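Asker: what's the 3D shape of this:
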Amino acid sequence: NTGGISNYLNKIRTNILTSDFKANVERWIEGIPAVGKYMKKTVELAQDSLETIIIPGKLFEDMGITYLGPIDGHNTQELIDIFEKTKKLKGPKLIHVKTIKGKGYRIAEDTPSSYHGVGCFNIETGESVKKSGKITYSEAFGNKMCELAGKNEKIVAITAAMPEGTKLDKFKESYPNRFFDVGIAEQHAVTFAAGLACAGIKPFFAVYSTFLQRAYDQIIIDVCMQKLPVVFCIDRAGIVGEDGETHQGIFDLSYLSTIPNLTIMAPKDKLELEQILEFATEYTEPIAIRYPRGEAEIISEECKKIEYGKWEVLEHGEDIAIIAAGKMVEKAIKVAKALRTKVVSTEIINARFINPIDENLLLNLVTTNKKIYIIEDNIEHGGIGTKVIDFYNKNKLLNKIEIIKMAFPITFIEHGKPEELYKKYGLDVESIVGKILIDLN
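Answerer: Numbering: from 1, shown residues only. As a prediction, this is how the structure comes out:
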């Protein structure tokens, strides 16, 4: 209720003189001999009835919390006034502020879910300006989901208030009875997926990396402990850029790698994403697929059959080996090309399985005496590098091989363009090449 009566009552309720006057009147009524207590109760009931009709926050009032609102969140002076007056009220207070996402730009107001991290766009139409005609990883995911659902009626898609962001909007249109938007409730989404899996359904839960963190307990208890075939489609993994500090997907490998029974994969390009989704459809235990924001490259037209737990050697080399996963494979290829001009022969390994790691390949690397460089778009603890070092340590092989990790430090990565952030933290191609050359020399 944002009408005039509600607004007027808000002003009365935040006035300290009114508050004192009300308390004095209550004491006076209660002090009337014989009937005082009954009169006070009658007045309170009448007040409650009126508030229930006019004031939308009656639930909070019943809990002893003074409710104030709704307040126009775009009116700075009104906000200042209500904050100043509320300071003087006793007891707990709740201020209900209403805003419009994208306020002032009609297209953004009409489609609020499309304007999170905003890159270049046409101000007249609101359409994003792509650097090329390539589709994004999210679009590739959405298209493949529609294709798979057409072949398998048990496939359903789940999202937590992000159908457009995860590109499940086409799936929603094509298969409305097999699409579930649970709202901003990631914990419920995971448990809901677990319940569907118990009933023989194949659930795909599409979620941004940063938001999946909220459901850590449900992933462990409701899905992985029971080995249920839920597919976690983790969008915005790694650096997201314009979405900002709170949306950087640099922790998922670290917290997911601790969970038993969970397979973790990362596609190097669009075709491998599609291939992994097909693999996940047939897989009968929990699996997480992480992929980045942005355009989906095609690194190789050749799609080798995926063998569980096996990595892919993209290029053979004699001097060093670079292990990378997901988006970082593309960087590894560019690094190898640059090193070739410096007469450094590089083996490129696509670690598409992050859990489990390819132990046989790692054992073979020991016999080659190559230095191993691991580059990843995750924090330095708990990612691929940690798993590789732990494996060699467990097998008492650390003294026989040299490993250099390159990842993000244990910090919160600020807002910025991805290429600028990669450069700042030494994970752009030029910085990686420089570090390797210094190390080799």
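Asker: rest of the way, CA atoms for contacts and neighbours
Answerer: Fine.
Asker: what packs against the longest strand seen in the chain?
Answerer: Counting residues, the longest strand in the chain under DSSP state E turns out to be strand 371-379. Strand 371-379 sits against helix 252-256, strand 320-324, helix 328-340, helix 384-394, strand 403-408, with contacts defined as 3 or more Cα pairs under 8 Å, 6 or more residues apart in numbering; DSSP states H and E.
Asker: just checking: what are the partner strands of it?
Answerer: Here the strand partners of strand 371-379, with direction, are listed using DSSP bridges: strand 320-324 (parallel), strand 403-408 (parallel).
Asker: chain center to the shortest one: distance?
Answerer: Relative to its chain's centre, strand 320-324 lies at 28 Å (Cα atoms, centre = their mean, to the nearest Å).
Asker: next: the longest one.
Answerer: Shown here is strand 403-408, whose average C-alpha point lies 23 Å from the average C-alpha point of the whole chain (Cα atoms, centre = their mean).
Asker: now do the following helix or strand past that strand: everything it contacts.
Answerer: Sequence-wise, the next helix or strand beyond strand 403-408 is helix 418-424, with elements assigned using DSSP states H and E. Applying Cα atoms under 8 Å, 6 or more residues apart in numbering, the external contacts of helix 418-424 come out as 239, 240, 241, 242, 428, 431.
Asker: can you tell me which residues contact the closest residue to residue 167 other than its chain neighbours?
Answerer: The shortest distance from residue 167 to any residue that is not its chain neighbour, by Cα to Cα, 6 or more residues apart in numbering, is 5.1 Å, and that residue is residue 142. Residues near residue 142 by Cα under 8 Å, 6+ apart: 166, 167, 168, 169, 170, 171.
Asker: need the helix or strand of the chain with the lowest average pLDDT.
Answerer: The helix or strand with the lowest mean pLDDT-type score in the chain, counting by mean pLDDT, DSSP states H and E, is helix 4-13 (a mean of 54).
Asker: does residue 252 touch residue 209 like I think?
Answerer: Yes - at 6.3 Å, residue 252 counts as touching residue 209 under the criterion of Cα atoms under 8 Å.
Asker: for the two, indicate the residue with more neighbours.
Answerer: With neighbours defined as other Cα atoms under 10 Å, residue 252 and residue 209 compare such that residue 209 has more, 26 against 23.
Asker: angles on the backbone of that one, please.
Answerer: phi -50, psi -50 (degrees, to the nearest 10).
Asker: low-scoring stretches of the stretch 201-350 of the chain, by residue?
Answerer: Residues of the stretch 201-350 of the chain that meet the criterion pLDDT under 70 are absent altogether.
Asker: coming back round to it: in helices only, show me the contacts of helix 418-424.
Answerer: Applying DSSP state H to the contacts of helix 418-424, the entries found in helices are residue 431.
Asker: how is the protein divided into domains?
Answerer: When the chain is parsed into structural domains using the TED database, the resulting residue ranges are 4-98, 137-290, 312-440.
Asker: so the residue nearest to residue 167, which of the three states?
Answerer: Secondary structure, DSSP: H, G, I helix; E, B strand; the rest coil: residue 142 is helix.
Asker: what does residue 307 give?
Answerer: Three-state call for residue 307 (three-state DSSP): coil.
Asker: just the strands in this structure please.
Answerer: If you assign secondary structure with DSSP E, the strands in the chain sit at 66-72, 93-98, 155-159, 179-181, 202-208, 231-235, 263-265, 287-290, 312-315, 320-324, 346-350, 353-355, 371-379, 403-408.
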